[in-house]
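Visitor: mind folding the following:
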Amino acid sequence: MKNNTYFTLFEQAEKLRRHNRQCSYKTRERYYQAFLRFLRFVAAVFHLEKLANLSGKHLIAYVKDMKERGLSPSTIKTELSAIRLWHDQIPNARYKLPANTELDLERRAYGKEDRTWSCREFNRMIGECWKANRKDFETCIVIGRYAGLRIHEVMRIDTAIARAALQNGYITIKGKGGKPREVPINDTIRIELTDMLKITPPGRKLFVPLEKDTRSVTYELGAFIRAHWKEVKDKGSIRPMTFHGLRHTCAADWYLRLIREGKTPHEARLQVSRWLGHERAEITQIYLAGSEGKSDSYWSGGDGDA
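Guide: I've put the predicted structure just below:
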């Protein structure tokens, strides 16, 4: 059904494509692929069947999804430019799409925003997973917290990757650009992967059941976190809580552990950068904004305001 819905939108988009001569060929094709990514999302999440019915709620949800996947503000703005170019070609479009100023896309200060989760916040969110009987969400959150994977990287884990991780002690995952990297796992991840393997058919992805697709499950997980963050966040906290924030938490935790083990700050940043899948250590500084000025109780769940 979802594939049929997307195919319906795709056919409509192809009609627009045949008559659009704006921009250079390369730009037009790049923008068209971005538009198709958006259509896959609205087909999977909203089951939309007519391009003319694209509206602000679809764009807002897609922006949230892109943020959840860790896309930078500049990348999101490029995607939005592409969507608007093609939306302008839709005859009899019923709705006007919101401007970027309505979508909270301001670029944040480099390496200054703390997006980490405290141990208490993490434990409370796991508790919400238990209440909702979402073992899959629990495992995803644990992997995000202790392996620092991006949400789309977590969704790629299948039974073969999970079994290899249990055998080798690290997850081998393909990140941005398809470049593989090895990320160490701890005992908590081992337990979660073992449990998920018991309920996942061989050859299948751990978190994407047959009747769903990756994008819709990714959106559901992000929506679950958004639905519960206000009740699980620490008292007085103004830090945002997103899945990508777990990657920040993991990076800060890794960095502090490496420093305690005797690594220099530069050596620690280099190692964290490798585990995160970044080429340059300075990029890792963005993730380490939350490592400064925190007491041990923040990371271990000791005394402090609940």
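Visitor: pLDDT score for Phe41?
Guide: At Phe41, the pLDDT value in this model is 91.
Visitor: from the centroid of this protein, which residue is nearest?
Guide: Arg69 (2.6 Å; Cα atoms, centre = their mean).
Visitor: isn't Glu79 up against Met66?
Guide: Yes. In this structure, Glu79 is within contact of Met66 by Cβ atoms under 8 Å, at 6.6 Å. Every C-beta, even on glycine, is put in place using the N, C-alpha and C of the backbone.
Visitor: what sits against the residue nearest to the centre of the chain?
Guide: Counting by Cβ atoms under 8 Å, 6 or more residues apart in numbering, Arg69 touches 150-152, 218, 244.
Visitor: hmm, 6 Å instead?
Guide: Residues near Arg69 by Cβ atoms under 6 Å, 6 or more residues apart in numbering: 151-152.
Visitor: for Lys174, which non-adjacent residue is spatially closest?
Guide: Pro180 (5.1 Å; Cβ to Cβ, 6 or more residues apart in numbering).
Visitor: how about stretch 145-157 as CSV, C-alpha atoms only?
Guide: C-alpha atoms of stretch 145-157 as CSV (Å, rounded to 0.1, in the frame of the first residue of the first chain):
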residue,chain,number,x,y,z
ARG,A,145,23.3,6.3,23.9
TYR,A,146,26.2,3.9,24.1
ALA,A,147,27.3,3.5,20.5
GLY,A,148,26.6,7.0,19.2
LEU,A,149,25.0,5.8,16.0
ARG,A,150,22.8,8.2,13.9
ILE,A,151,19.1,7.2,13.8
HIS,A,152,19.3,6.0,10.2
GLU,A,153,22.4,3.9,11.0
VAL,A,154,20.5,2.2,13.9
MET,A,155,17.7,1.4,11.4
ARG,A,156,20.2,-0.4,9.1
ILE,A,157,21.0,-3.0,11.8
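Visitor: pull out the buried positions in it.
Guide: Applying a neighbour-count criterion of 16 or more other Cβ atoms under 10 Å, one finds 145-151, 153-157 buried in stretch 145-157.
Visitor: again with stretch 182-190
Guide: Buried residues in stretch 182-190, counted by 16+ other Cβ under 10 Å: 183, 185, 189.
Visitor: now stretch 50-57
Guide: Buried, per 16+ other Cβ under 10 Å, within stretch 50-57: 51, 54-55.
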